[in-house]
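Participant: Need a 3D model of the following:
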Amino acid sequence: MILLLGHTGYIGSSFAQELHRRDLSFRGISRSEVDYTNRDSLISLIRESKADFLINAAGYSGKPNVDACEIHKSECLQANAVLPGMVRQACELTGIPWGHVSSGCIYTGRRDDGNGFRESDAPNFCFRTNHCSWYSGCKALGEECLVGTDNIYIWRMRIPFNQFDSPRNYLSKLIRYDRLLSADNSISHVDESVHACVESWTQRIPTGIYNVTNPGSITTEQVTALIQTHLLPDKKFKFFASETEFMNSAATTPRSNCILDSRKLLSTGIAMSAVEDAVISALKHWRSANHKKRLSIR
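Facilitator: Numbering: from 1, shown residues only. Below is the predicted model of the structure:
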């Protein structure tokens, strides 16, 4: 039995579909059913359900984007920093392994050698370094609460997308925003990433931190060109002249925009498609969000 926290969210619902597809026994937990933010309640749930693994896909990323986290700071801090520490306590006291969905947004840019950040690199976009967003600071703080934990997978995803049109989908955002910020990023196809996360547990690869992004990086301009090629040939995209203009006219808090190295995950034998291939696949199979809901209730 796997307990799934946050099963109704953008990433959590993909975990639910993946577990269902594999016919793995799981239970999605809502806070209205069990207040899993309370340690003793979560401990009771783990023991009563005889769970042997827990997935924490709960978090707060703000709507429509991370700027909202600058307003709802308490919710962001509780969901992204306090909750992981509390789940750690519950899992350690009950002796079960677990997986935590984290974010690569704790970095900005690339390593000094020009490569993507590895799992062992210290975050450089957090409360302890530079002027980060509240969201990134809280996600990094959440990982700090997990330092020294042996029996955990920390899965770092970034800028999730897939083939279903949704306000949370990176591709949908690019299509709908009036103007775009030019940037180079590592991004995560949600379904592939979730598959990799579940695979890491079912294959019992070594626990630890894994960058779960599609190999390589891609610029905003490259993605919009693919959108024009495979989905919306007449769509015109406008870009901000600079990040300064973006910050002055459209954003409250800075974005991380970073590259991650996913070779540690790939070295375990768990495959993910190259980032450009993943984007093309999503665009070629583009569907409405309602289509995903229909798939979920089958």
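
Participant: Just the CA trace of stretch 6-17, in PDB.
Facilitator: Extracted C-alpha coordinates of stretch 6-17, given in PDB (Å, rounded to 0.1, in the frame of the first residue of the first chain):
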ATOM      1  CA  GLY A   6      -1.400  15.800  -2.800                       C
ATOM      2  CA  HIS A   7      -3.200  13.400  -5.200                       C
ATOM      3  CA  THR A   8      -5.400  16.100  -6.700                       C
ATOM      4  CA  GLY A   9      -2.700  18.500  -7.700                       C
ATOM      5  CA  TYR A  10      -1.100  18.800 -11.100                       C
ATOM      6  CA  ILE A  11       1.800  16.500 -10.400                       C
ATOM      7  CA  GLY A  12       0.000  14.500  -7.700                       C
ATOM      8  CA  SER A  13      -2.800  13.500 -10.100                       C
ATOM      9  CA  SER A  14      -0.200  12.200 -12.500                       C
ATOM     10  CA  PHE A  15       1.100  10.000  -9.700                       C
ATOM     11  CA  ALA A  16      -2.400   8.700  -9.100                       C
ATOM     12  CA  GLN A  17      -2.800   7.800 -12.800                       C
END
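
Participant: Now do that stretch: distance to the chain's middle.
Facilitator: In terms of C-alpha atoms, centre = their mean, to the nearest Å, the centre of stretch 6-17 is found 11 Å from the chain centre.

Participant: Where does pLDDT dip in this protein?
Facilitator: Along the chain, the parts satisfying pLDDT under 70 run over 290-298.

Participant: so where do the helices sit in it?
Facilitator: 10-21, 39-49, 73-77, 83-94, 134-144, 170-176, 190-202, 220-230, 243-249, 263-266, 275-284, 289-296 (DSSP state H).

Participant: what's the closest of those helices to Ala183?
Facilitator: helix 220-230 (5.5 Å; C-beta to C-beta). To be clear about C-beta, it is placed using only N, CA and C from the backbone, and glycine gets the same treatment.

Participant: which strands and helices sit next to that closest one?
Facilitator: If contacts are counted by 3 or more C-beta pairs under 8 Å, 6 or more residues apart in numbering; DSSP states H and E, helix 220-230 sits against helix 170-176, helix 275-284.

Participant: out of those helices, which comes closest to Gln89?
Facilitator: Each of the helices and strands packed on helix 220-230 has some distance to Gln89 by C-beta to C-beta; the shortest is helix 170-176, at 33.4 Å.

Participant: Which other helices and strands does the closest one contact?
Facilitator: For helix 170-176, the packing partners by 3+ C-beta pairs under 8 Å, 6+ apart are strand 160-161, helix 220-230, helix 275-284.

Participant: Need the ones you listed in JSON lines (columns: distance to Thr244 and mean neighbour count).
Facilitator: Formatted as JSON lines, the helices and strands packed on helix 170-176 follow (distance: least, C-beta to C-beta, whole Å; neighbours: other C-beta atoms under 10 Å):
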{"stretch": "strand 160-161", "distance to Thr244": "27", "mean neighbour count": "24"}
{"stretch": "helix 220-230", "distance to Thr244": "16", "mean neighbour count": "16"}
{"stretch": "helix 275-284", "distance to Thr244": "27", "mean neighbour count": "19"}
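
Participant: out of those, which comes closest to Trp201?
Facilitator: With C-beta to C-beta as the measure, strand 160-161 is the member of the helices and strands packed on helix 170-176 nearest Trp201 (19.4 Å).

Participant: The closest one pairs with which strands, and in what direction?
Facilitator: Using DSSP bridges, the strands paired with strand 160-161 are strand 188-189 (parallel).

Participant: for the nearest residue to Glu143 once chain neighbours are set aside, what are its contacts?
Facilitator: Leaving aside its sequence neighbours, Glu143 sits nearest to Ser102 (C-beta to C-beta, 6 or more residues apart in numbering; 5.8 Å). Taking C-beta atoms under 8 Å, 6 or more residues apart in numbering, we find Ser102 in contact with Lys139, Gly142, Glu143, Ile154, Trp155, Arg156, Met157, Ile209.

Participant: Quick check: of those residues, which has the highest neighbour count?
Facilitator: Neighbour counts for these (other C-beta atoms under 10 Å) peak at Lys139, which has 31 neighbours.

Participant: Near the closest residue to it other than its chain neighbours, how many other residues are there?
Facilitator: For Lys139, ignoring the flanking residues on the chain, the nearest one in space by C-beta to C-beta, 6+ apart is Ser103 at 4.6 Å. Neighbours of Ser103 under the rule other C-beta under 10 Å: 24.

Participant: go on, the one 3 residues further on?
Facilitator: Using other C-beta under 10 Å, Ile106 has 29 neighbouring residues.
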